[in-house]
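Q: Mind looking at a prediction? Sequence and model below.
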Amino acid sequence: MARPVWVGSLSFGLVTLPVRLHGAVSSRQARFHLIHDADGARIQNKRVCSADGEEVPLEHVVRGYTLEDGRQVTVTSGELDALDPVSSRVIALEEFVDPAEVDPLLLDTSYHLVPARGVEQAYALMTEALRVSGRVGVGRVVLYQKGHLCLVRPHARGLVLSTLHAVDEVVSQEQLSELETTGVGVAPGELEVALRLIESRSTTFDPRRHPDEHRQRVMAFLERRARAQARSRRVPRAAPEVGAPAGAKVRGPEVTPVEGALRLRPRLAAREVREDSGGLGSKPFRVEPGVGGAPDDPREASTPGSTTPEGSGGLGAPDPKKPRG
């Protein structure tokens, strides 16, 4: 069972309901990191002073803020901690409003609000009361040392708490000159055509019909690349050279852990993804051999006018063992 991100109680009036918060959304995007192409080691980020280029020890790193007039102010972690809101284990609902009055742009992060053991009946009562009334609760909660305005609303079998952005964090459309539509009229005939198009494609929303196709393509590509690199590491060991001293070590062809991963030409990479992305909502893209000089094997392809250094490990690199024609 997942650990809650917050434990406390939900309070309104004389009612106090012990609850826990669990994250309602978890990102599934592929997160890449930087590695050294020669040995596959992770790249480290260092703290370097922009004035002298020297690395700065952590004990000499302080927080700073630049004011609008250019003045720079330094602060300590202790000083910032003193400004944090007083930690509270209570979500105090201050009012109940019509959800249609809440601008969706204000919604930030959502959490499942689940009951503690033994208070399921009171939790069910509040969930049903909010659902029947058509209202949502507005209150405040302290999460990660920061106070948030929040919204508590019924969702499916229980309650969901959504933190809200501060109103001054939302960019007003009045600041966008492109949206100045004063005096622009709409022809009745054009409006009728647009309404018919909308009606013809109207349906019930189901997010399962819209999977993250880009993430699926990325993960499938990474899986294929991992299998290809695993096969490249299992190259048979070379036979000992003629005249080599007894006991000399026999080395097979050196294989870089990330061979080809960082030097793959963008055009060939895109082609590989397109050819193997069938069933993901896109038509497979194939280049027939002999058309436009396309070879049967993508590894034999080369971009006209481009060269690849020998031994670089990239696709299309010449074999140093073969004499050049």
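A: Perfect, I can see it now.
Q: Quick one: mean pLDDT over stretch 119-134.
A: For stretch 119-134, the mean pLDDT works out to 94.
Q: Okay, buried residues for it please.
A: V119, Y123, M126, T127, L130 (16 or more other C-beta atoms under 10 Å). Heads up, the C-betas are built off the backbone N, CA and C, glycines and all.
Q: Extract the CA atoms of it and return them as CSV.
A: Below are the C-alpha coordinates for stretch 119-134, written out as CSV (Å, rounded to 0.1, in the frame of the first residue of the first chain):
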residue,chain,number,x,y,z
VAL,A,119,-14.5,6.6,10.5
GLU,A,120,-15.8,5.1,7.2
GLN,A,121,-19.4,5.9,8.0
ALA,A,122,-18.7,9.6,8.7
TYR,A,123,-16.6,9.8,5.6
ALA,A,124,-19.4,8.2,3.4
LEU,A,125,-21.9,10.7,4.9
MET,A,126,-19.8,13.7,4.0
THR,A,127,-19.1,12.4,0.5
GLU,A,128,-22.8,11.9,-0.1
ALA,A,129,-23.7,15.2,1.4
LEU,A,130,-21.4,17.1,-1.0
ARG,A,131,-22.6,15.0,-4.0
VAL,A,132,-26.3,15.7,-3.3
SER,A,133,-25.7,19.4,-2.5
GLY,A,134,-23.7,19.9,-5.6
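Q: mind checking how far that stretch is from the chain centre?
A: 34 Å (C-alpha atoms, centre = their mean, to the nearest Å).
Q: Kindly report the same for stretch 100-120.
A: Counting by C-alpha atoms, centre = their mean, stretch 100-120 comes out at 22 Å from the chain centroid.
Q: Narrow the buried residues of stretch 119-134 to those in helices?
A: Assigned to helices by DSSP state H, the following of the buried residues of stretch 119-134 qualify: Y123, M126, T127, L130.
Q: Compile the residues you listed into TSV and extend it with columns for distance to T76.
A: What follows is those, written out as TSV (distance: C-beta to C-beta, whole Å):
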residue	distance to T76
Y123	42
M126	43
T127	45
L130	44
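Q: Among the residues you listed, pick out the one closest to R28, please.
A: T127 (28.2 Å; C-beta to C-beta).
Q: hang on, isn't that closest one packed against R153?
A: No: using C-beta atoms under 8 Å, T127 makes no contact with R153, being 9.7 Å away.
Q: Which neighbours do the two have in common?
A: L159 (C-beta atoms under 8 Å, 6 or more residues apart in numbering).
Q: what ranges do the strands span in the chain?
A: 6-12, 15-23, 63-66, 72-75, 90-97, 107-115, 136-143, 146-155, 158-164 (DSSP state E).
Q: who does the last one pair up with?
A: Looking back up the chat, that one is strand 158-164. strand 107-115 (antiparallel), strand 146-155 (antiparallel) (DSSP bridges).
Q: quick check: mean pLDDT across it?
A: In the prediction, strand 158-164 has an average pLDDT of 95.
Q: Please spell out which residues along that strand are buried.
A: Neighbour-count burial for strand 158-164 [16+ other C-beta under 10 Å]: L159, V160, L161, S162, T163, L164.
Q: next one: the fifth one
A: Of the residues in strand 90-97, I91, L93, F96 count as buried by neighbour count, 16+ other C-beta under 10 Å.
Q: Would you quantify the distance from E59 to R47?
A: Taking C-beta to C-beta, to the nearest Å as the measure, E59 falls 11 Å from R47.
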